[in-house]
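*Asks:* give the three-dimensional model of this entry:
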Amino acid sequence: MTTATTRVDMHVKTLDGRVVERAKARGIDVLVYAPHFTRLPEIREQAERHSDADLLIVPGREIFTGNWQNRRHLLAVGLSSPVPDFISFEGALSEIVEQGAALCVPHPTLLNVSLGRPEIRAYADHIDAVETYNAKSPPHVNSRSKRVVEEAGLPAFGSSYAHLRGTVGEAWTAFDTEIEQETDLVEALVSGVDRRVVHRSGPQHRLRRLAEFAHLGYENSWGKIDRLFLSGTEPTHPDHIAYGGRFDDVAVY
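*Replies:* Purely as a prediction, here's the structure:
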């Protein structure tokens with residue numbers, strides 16, 4: 001009996017018809033769509049709109065915890081209720097656990113946006129998977145991530161982390177199970193189903209990785225920071241009316 005394998009690109013930031021076509025052409029079965037600063041209902045609506053019999057889109061949230069200078073990102077899969085950005089790490093962790101979502105650590109040890117070795121060790125009992133290959137991360141960061149995961153004894157995952165359409169499907173996680181709906185992926189992550197982290201290689205892959213890394217400059221532009229903090233009404237700001245003050249006690253802005 002052959003065990004089913006499902007190829008999941010565990011973290012993409014862009015989604016439209018061309019992204020769907022590219023994912024299918026790359027043999028991807030599932031995409032986890034987790035755009036920055038977008039509320040869960042909108043993410044879920046977009047995921048449902050672009051899912052079909054050949055490609056499942058699962059909504060995810062990359063939550064920015066802490067302040068802008070010292071933020072720690074958490075990738076939550078399976079949330080049932082919206083969680084804002086810029087709340088404390090402990091506040092986000094508590095909410096993810098309470099909702100029964102899978103807690104994944106994206107791009108560990110990358111700059112000032114990730115969990116490091118001490119934090120991963122300290123919270124290992126709550127972490128379901130740690131990323132060991134991210135197409136946007138430099139090679140030395142991915143190598144360091146692998147060592148962190150081996151030291152912590154936690155399951156791994158890989159993703160394209162595509163902010164650009166062309167990067168979709170450059171890396172994926174091959175789970176040894178069938179994943180046909182969101183709950184299947186959450187169960188695979190929480191239960192530690194066997195999987196392999198796979199990525200493409202060659203000159204084209206290196207060029208796409210360089211393009212993604214260069215995109216970091218845009219992501220962290222002063223214009224974006226100004227837009228986030230001067231308006232104070234961004235969709236995932238904890239003060240937004242949509243959250244009804246529920247996160248006031250853990251908000252950092």
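*Asks:* wait, residue 67 sits on residue 252?
*Replies:* Yes. With contacts defined as C-beta atoms under 8 Å, residue 67 counts as touching residue 252 at a distance of 5.0 Å. For every residue, glycine as well, the C-beta is placed using N, CA and C.
*Asks:* comparing these two, which residue is more hemmed in?
*Replies:* residue 252 (17 against 12; other C-beta atoms under 10 Å).
*Asks:* residue ranges with poor pLDDT in the stretch 51-200 of the chain?
*Replies:* Residues of the stretch 51-200 of the chain meeting the criterion pLDDT under 70: none.
*Asks:* hmm, back to that, what touches both of residue 67 and residue 252?
*Replies:* Counting by C-beta atoms under 8 Å, 6 or more residues apart in numbering, the contacts common to residue 67 and residue 252 are residue 86.
*Asks:* list the helices and strands the longest helix belonging to the chain packs on?
*Replies:* When secondary structure is assigned using DSSP state H, the longest helix within the chain turns out to be helix 139-152. For helix 139-152, the elements it packs on are helix 117-122, strand 129-134, judged by 3 or more C-beta pairs under 8 Å, 6 or more residues apart in numbering; DSSP states H and E.
*Asks:* go through those and name the closest to residue 3.
*Replies:* Within the helices and strands packed on helix 139-152, the stretch nearest residue 3 is strand 129-134; the backing value is 19.3 Å (C-beta to C-beta).
*Asks:* got JSON lines for the helices and strands packed on helix 139-152, with distance to residue 34 too?
*Replies:* Formatted as JSON lines, the helices and strands packed on helix 139-152 follow (distance: least, C-beta to C-beta, whole Å):
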{"stretch": "helix 117-122", "distance to residue 34": "20"}
{"stretch": "strand 129-134", "distance to residue 34": "12"}
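*Asks:* and the strands in the stretch 51-200 of the chain?
*Replies:* Here the stretch 51-200 of the chain has its strands, by DSSP state E, counting those that start in this stretch, at 56-65, 72-77, 102-105, 129-134, 156-159, 171-175, 195-199.
*Asks:* who touches the fifth one?
*Replies:* Contacts with strand 156-159, where a contact means C-beta under 8 Å, 6+ apart, come from 8-12, 32, 104, 106, 129-135, 146, 149, 171-173, 189, 195, 197-199.
*Asks:* report the distance from that strand to the chain centre.
*Replies:* In this view, strand 156-159 has its centroid 10 Å away from the chain centroid, taken as C-alpha atoms, centre = their mean, to the nearest Å.
*Asks:* and it, which strands flank it?
*Replies:* Within its sheet, and counting by DSSP bridges, strand 156-159 is paired with strand 129-134 (parallel).
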